[in-house]
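Q: Sequence and predicted structure, then a few things I'm wondering about:
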Amino acid sequence: MYHIFQILGAILTGAALGTILGPRVPARFIGGIIAIALGLITIFTGQWLTLAVGAAVLFVAQILPGGNASSKA
């Protein structure tokens, strides 16, 4: 089970890196940094709690609206 958590931590780190390299929204950038840190902690320790918190932080950062998004059709 330890190795599965490490693999999921690597996936979390990669997804968070993609969030950081995307459009520059400050809240997404901070959420991505937090998710990367928690993903790396998960890789090195294998704790499921840091994986769950990191995934939740990344999810919240992803659903934040982008910078100049317009709702006009």
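A: Received the coordinates, thanks.
Q: got any ranges where this structure has weak pLDDT?
A: 67-73 (pLDDT under 70).
Q: can you give me the helices for the protein?
A: Secondary structure of the chain (DSSP state H): helices located at 2-21, 26-45, 48-63.
Q: and the residue lying closest to Ile36 once chain neighbours are set aside, what does it touch?
A: Spatial nearest neighbour of Ile36, excluding adjacent residues (Cβ to Cβ, 6 or more residues apart in numbering): Ala16 at 4.5 Å. For glycine as for every other residue, the C-beta is placed from the backbone atoms N, C-alpha and C. Residues near Ala16 by Cβ atoms under 8 Å, 6 or more residues apart in numbering: 31-33, 35-36, 39, 54, 58.
Q: Any of these buried? List them.
A: For those, a neighbour count by 16 or more other Cβ atoms under 10 Å gives the buried set as 31-32, 35-36, 39, 54, 58.
Q: out of those residues, which one sits closest to Gly46?
A: Gly46 has its nearest neighbour among those in Gly39, at 12.1 Å by Cβ to Cβ.
Q: From Ile20, how far off is the closest one?
A: Remark: distance between Gly39 and Ile20 (Cβ to Cβ, to the nearest Å) = 12 Å.
Q: Gly66 now?
A: 14 Å.
Q: the more surrounded of those two?
A: Shown here are Gly66 and Ile20; by other Cβ atoms under 10 Å, Ile20 has more neighbours (16 against 10).
Q: how about the nearest residue to the more buried one, chain neighbours excluded?
A: Spatial nearest neighbour of Ile20, chain neighbours left out: Gly32 (4.0 Å); criterion: Cβ to Cβ, 6+ apart.
Q: I'd guessed that neighbour sits against Leu58; true?
A: Yes. In terms of Cβ atoms under 8 Å, Gly32 counts as a neighbour of Leu58; the distance is 7.2 Å.
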